[in-house]
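> mind looking at a prediction? Sequence and model below.
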Amino acid sequence: MIAVRVCRYSVPARFIGRTVRVVLRSSDLVVFNGRTEIARHPRLTAKGAERVVLDHFLEVLLAKPGAMAGSEALDQARREGRFTAAHEAFWAAAKSAEGDTEGTKDLVHVLLLHRHLEHRDVVAGIRSALAVGAHTADVVALEARKAAQADGRSPTVAVTGPAPGLPGPEPSEVVSLSAHRGTRLPADQRPLPALERWDQLLNQSRKDAP
């Protein structure tokens, strides 16, 4: 968690102990590690308010699955509709089959899929997996990709955008320096290579080669 003004916001657990940069705008707060955006939250104003994103704690929950059930991050995900009835059903089925600890780990692995698959596809994957009695992230991932492809979409999200209802990043004119330099290079005027002597080169013995 980071403290900004009178409120607290979560950041991914891998940044514990690191210094981050915060941009506070009228409606949202964006957190950067260097130039890379690592978190985005709606701006809070009430003193002591906290905004906690479940995804930020998934690596911790894999090591300590017992902390999932009573976590504020889970409560907020439920209230915001990100942790759906399908997730609840998967969790219950996994715990019934594997026990609380391993079943919760199975759930966390499914939640990690949201980082590179669309939310609706993961939910569809969960429902399909449950329909055949499966409760593993591999089956959910497969069914999620099939759901996207059946809808004519790419199954993988290349870049994670802001959370629903939040504005995207400010427009930027920054381009790759390599790309910029490439546009300034003169056109290649060299002739195409001639292949008339190719057969002769292939037939030439090693000791005769220049």
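Done, it's in.
> list the contacts of the residue nearest to residue 98 when sequence neighbours are not counted.
Nearest residue to residue 98 in three dimensions, chain neighbours excluded: residue 106, at 6.4 Å (CB to CB, 6 or more residues apart in numbering). C-beta: built from backbone N, CA, C; applies to glycine. Counting by CB atoms under 8 Å, 6 or more residues apart in numbering, residue 106 makes contact with 90, 94, 98, 135-137.
> what does residue 101 give?
65-66.
> any idea whether it is helix, strand or coil?
helix (DSSP: H, G, I helix; E, B strand; the rest coil).
> distance of the most centrally placed residue in the chain relative to residue 121?
The centre of the chain sits closest to residue 115, judged by CA atoms, centre = their mean, with a distance of 2.6 Å. Distance of residue 115 to residue 121, given as CB to CB, to the nearest Å: 12 Å.
> where along this protein do the strands fall?
Secondary structure of the chain by DSSP state E: the strands cover 2-4, 7-9, 21-24, 28-33, 36-42, 50-51.
> what packs against the shortest one?
Right, strand 50-51. Helices and strands touching strand 50-51, by 3 or more CB pairs under 8 Å, 6 or more residues apart in numbering; DSSP states H and E, are strand 7-9.
> swap in the third one?
Judged by 3+ CB pairs under 8 Å, 6+ apart, strand 21-24 is in contact with strand 2-4, strand 28-33.
> tell me how far residue 30 lies from residue 17.
Residue 30 is 20 Å from residue 17, by CB to CB.
> compare those two and say which is more crowded by neighbours.
Neighbours per residue, other CB atoms under 10 Å: of residue 30 and residue 17, the larger number sits with residue 30, 20 against 5.
> residue contacts, the closest residue to the more buried one other than its chain neighbours?
Distances taken as CB to CB, 6+ apart place residue 23 nearest to residue 30, at 4.6 Å, with adjacent residues excluded. Contact analysis of residue 23 by CB under 8 Å, 6+ apart lists 29-32.
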